[in-house]
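Colleague: Kindly return the folded structure for what I paste below:
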Amino acid sequence: MRRGTIALTLAGALSAVVIAFAYRRGGPRIVVDFGISEPERWEPALRQVANLRLSLPEAPIHVVVYGKAIPMLAGITSPVATALDTLDEQRVHFVACENTLRAQNVARRDLVKFADTVPSAVAELARRQDAGWVYVKL
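Modeller: Numbers count the residues shown, from 1 in each chain. You can find the predicted model right below:
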């Protein structure tokens, strides 16, 4: 658990530095790599996303969810459903990887209603970075 806390702290500090540089280009657009496999780490990581939103109220934030983090988006059965709803209301955009959905036999209709899908999480992250989005790994 301690390693996870240290990793989130370091990720937050690194994110702040990267975002500071992004302001030189007219404001950041943020793509978040969210492949966290341990459910006990989802809520602290989502707090980091909420902190991004508070610090950058106008910045577009896209959270790309894949791998063992997909159950986080599983509608009302998600242990972080309330946090997800709050972030959705704050204009944080969630996308799920279709490759992962297929591999885990999860139907699109089983996800929270506001989540979109992309064919490949890795390709989405690459496209966003190529377009100048700030990459944040949680």
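Colleague: distance of Pro39 from Lys113?
Modeller: According to CB to CB, to the nearest Å, Pro39 and Lys113 sit 21 Å apart. Every C-beta, even on glycine, is put in place using the N, C-alpha and C of the backbone.
Colleague: Between these two, which has more neighbouring residues?
Modeller: Each of Pro39 and Lys113 has its neighbours counted (other CB atoms under 10 Å); Pro39 has more, 14 against 8.
Colleague: Touching, Thr100 and Val122? I think so.
Modeller: No: at 10.5 Å, Thr100 does not count as touching Val122 under the criterion of CB atoms under 8 Å.
Colleague: shared neighbours of the two, anything?
Modeller: Here Thr100 and Val122 share the contacting residues Tyr66, scored by CB atoms under 8 Å, 6 or more residues apart in numbering.
Colleague: Between those two, which is the more surrounded one?
Modeller: A count of neighbours by other CB under 10 Å puts Thr100 above the other of Thr100 and Val122, at 19 against 14.
Colleague: Disregarding flanking residues, what is the spatial nearest neighbour of that one?
Modeller: Tyr66 (4.7 Å; CB to CB, 6 or more residues apart in numbering).
Colleague: list the contacts for the one you found?
Modeller: 34-35, 96-97, 99-100, 121-122.
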